[in-house]
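coords please:
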Amino acid sequence: MNLKFTIMIQKKSLKDAIQNPEIISVVGGLIGIATPEKEGLMNKMRADYTYNKKDNEKARILIKTTVAGHVFSCILHLTGVDGKISTVNLIATKWNMTRVYASLICGEKPGSVSLLYKIEANSNISVYVITNAFLRIDISPLIKGISSLIEYADSVPEDAIPLSF
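Coordinates of the predicted model:
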C-alpha cells in the first residue's frame, strides 16, 4: 500500500478519507471480493457465480460431494429470454443414500427448463440444466465447505433422474 495514503488515512477523519477516490481504491483492493477461484470477505465456496447457457446447449452443475454427511444447498436464479425468471432452491444430501431436491421458491419457469441429476461413479452429483433457449443461470451457494462448478455439458446421461420444481 502506498505510504502517502496510509498517512492520509491516519491524519484525516474517516469522512474526509473516504471522499478521496484514490484512498477508496486502495482500501477496496485490500478488502478483496470472493469469487469461486479466490477467497475474499467470505469463503470462495460461498461466492456467487453466473453461467450464460447458449441456445440448445446443456449445462452441468457439478457438486463435489463424495463423503457421507455432506449437504449442499444453493439458490438458482434462472432467467430466460422470454422475461420469465424462477428462483429455485437446490439441495443435495449424502448420508446412507444420496438425495437431490429442487423446489420453486418464486417466479415461473422460463421456457421449458428441465433439471435432471445423476450420481456419478465417484459419488459426485451432476445436475443438468436443459432448455432449448438462452438461459442465464445465477448460483448462490448457501453452505460453505462443498465446492461446485457449472460448465458446458455435451450430453445428458440417459439414466439422469428428472427433478420436478
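
what's opposite Ile130 in the beta bridge?
Ile130 forms beta bridges with Lys58, Ser114, as assigned by DSSP bridges.

that one touches Val156, doesn't it?
Yes - the pair Ile130 / Val156 is scored as a contact, 6.4 Å apart, by Cβ atoms under 8 Å. C-betas here are computed from N, CA, C, even on glycine.

quick one: which of these two has more around it?
More neighbours surround Ile130 than the other of Ile130 and Val156, with 19 against 16 (other Cβ atoms under 10 Å).

quick one on the thing from earlier: next, show the common contact partners of Ile130 and Val156.
58, 116 (Cβ atoms under 8 Å, 6 or more residues apart in numbering).

Ser73 and Asn89 touch, don't they?
Yes - here Ser73 reaches Asn89: they are 7.0 Å apart, a contact under Cβ under 8 Å.

low-confidence ranges, the protein, go.
1-18, 20-48, 144-145 (pLDDT under 70).

quick one: the helices in it?
Counting by DSSP state H, one finds helices in the chain at the ranges 3-11, 14-18, 21-31.

nearest residue to Lys84 other than its sequence neighbours?
Distances taken as Cβ to Cβ, 6 or more residues apart in numbering place Pro110 nearest to Lys84, at 4.0 Å, with adjacent residues excluded.

which residues touch that neighbour?
With the criterion set at Cβ under 8 Å, 6+ apart, Pro110 makes contact with 78-86, 131, 133, 135.

and the residues you listed as JSON lines, adding distance to Asn124 and neighbour count?
Output for those, formatted as JSON lines (distance: Cβ to Cβ, whole Å; neighbours: other Cβ atoms under 10 Å):
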{"residue": "Leu78", "distance to Asn124": "22", "neighbour count": "25"}
{"residue": "Thr79", "distance to Asn124": "26", "neighbour count": "19"}
{"residue": "Gly80", "distance to Asn124": "28", "neighbour count": "20"}
{"residue": "Val81", "distance to Asn124": "31", "neighbour count": "13"}
{"residue": "Asp82", "distance to Asn124": "32", "neighbour count": "13"}
{"residue": "Gly83", "distance to Asn124": "34", "neighbour count": "8"}
{"residue": "Lys84", "distance to Asn124": "30", "neighbour count": "14"}
{"residue": "Ile85", "distance to Asn124": "28", "neighbour count": "16"}
{"residue": "Ser86", "distance to Asn124": "25", "neighbour count": "18"}
{"residue": "Thr131", "distance to Asn124": "23", "neighbour count": "23"}
{"residue": "Ala133", "distance to Asn124": "28", "neighbour count": "16"}
{"residue": "Leu135", "distance to Asn124": "23", "neighbour count": "23"}
